[in-house]
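**Student:** The sequence and its predicted three-dimensional model are supplied below.
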Amino acid sequence: LGKALNQPQLEVEPLHLKKPMTLEHECLRTSLRPALIAAFASNRRFEESAIRLFEMGSVYLPLKSGLPDEPWMLAGIVSSSQIKEHWDQPPERADFFTVKGLVESLAASLGVVPVFEVSNDAGLKAGNQAEIIVDRQPVGVLGELHPHVCRVFDINESVFFFEINTTRLMPLALKDTLYRPIPRYPTVARDIAIVLDNRVTHAQVMEVISGFPLVVKTVLFDVYTGKHIPEGCKSMAYRLTFQSEKKTLTDDSVDKVLKQILSRLEKQLGAVLRR
């Protein structure tokens, strides 16, 4: 099983039941991945449109002594087939950012903000995966299934997957909620495009921008490589929303803060404003 899923950690000896109902269920599961991927493959034989599945439940990880560790896990799987979300919108193909958005929406409902860092999960495709971090603690992983895993399960398309340890996540979410008055003053938006080394991550950019309290929202809306961009670099375009709780911001005050942001991005990440 571990070899099939490119998951060496699944090769640990599982716990065996004394009186299993069937031979196929004689062991306690150590991961949600096998059954969820198998369910996807089974559904694909009869369904040509988009498939989205999830499962939530315990896994059983043997310890050296005593009862097993039983974390409660949440896993989801999404086909890359076109998904029509609404009657008046064209269908869209699911990709890495589709699954990332699902995880972000779930985290937002729990009042936590995840950070996504580079991961090396062997069951997922290299360069198209990320570790999910909350309060500096790893709580899960997401990304595209490794081609080897897809071949083992006779899946002939790109498939995207996420897995979250909810036993680890929930204590980080169960915190007092803070409320603040609805802002009285209008927002001001500015778009910027910066050229960065390919090794610089979106999370690093966000960390710099988050140091400016007047920026209340930051959205990455475009990533571009190619013509007019130096080799080994990428262009990342952001929409920054500014707002003050004390006064109406003028163009001059916003431009001043924006200049400080660009200066800090240049010093810390080597960013160059794309004109």
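**Tutor:** Received the coordinates, thanks. Numbers count the residues shown, from 1 in each chain.
**Student:** In the chain, where is pLDDT below threshold?
**Tutor:** Low-confidence segments of the chain, defined by pLDDT under 70, span residues 1-12, 82-89, 91.
**Student:** at 80 what do you get?
**Tutor:** Counting by pLDDT under 80, the chain contains low-confidence residues at 1-14, 23-25, 81-92, 174-180.
**Student:** how about the strands of it, start to end?
**Tutor:** The residue ranges that make up the strands of the chain, judged by DSSP state E, are 52-58, 72-79, 82-83, 92-93, 115-117, 124-134, 137-145, 159-165, 188-197, 215-224, 233-242, 272-273.
**Student:** Which strands or helices does the fifth one pack on?
**Tutor:** Using 3 or more C-beta pairs under 8 Å, 6 or more residues apart in numbering; DSSP states H and E as the contact definition, the elements that strand 115-117 packs against are strand 124-134, helix 202-209. Heads up, the C-betas are built off the backbone N, CA and C, glycines and all.
**Student:** Return the most buried member of the strands of the chain.
**Tutor:** Comparing the strands of the chain on average neighbours per residue, with mean count of other C-beta atoms under 10 Å, the densest one is strand 159-165 at a mean of 23.
**Student:** Give the partner strands of it in its sheet and their orientations.
**Tutor:** Strand 159-165 has the following sheet partners, assigned by DSSP bridges: strand 72-79 (antiparallel), strand 137-145 (antiparallel).
**Student:** can you put these in TSV and add distance to residue 115?
**Tutor:** As requested, these are arranged in TSV below (distance: least, C-beta to C-beta, whole Å):
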stretch	distance to residue 115
strand 72-79	18
strand 137-145	10
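**Student:** Of all those, which one comes closest to residue 239?
**Tutor:** strand 137-145 (24.0 Å; C-beta to C-beta).
**Student:** Please list the residues outside stretch 192-205 that contact it.
**Tutor:** Residues lying outside stretch 192-205 but in contact with it, judged by C-beta atoms under 8 Å, 6 or more residues apart in numbering, are 115-118, 220, 222, 225, 229-230, 232-238, 240, 258, 262, 265, 268-274.
**Student:** which residue is nearest the middle of the chain?
**Tutor:** Note on the chain: the residue nearest the mean C-alpha position is residue 100, at 3.3 Å, using C-alpha atoms, centre = their mean.
**Student:** my guess is it meets residue 143, correct?
**Tutor:** No - assessed by C-beta atoms under 8 Å, residue 100 is found out of contact with residue 143, at 9.0 Å.
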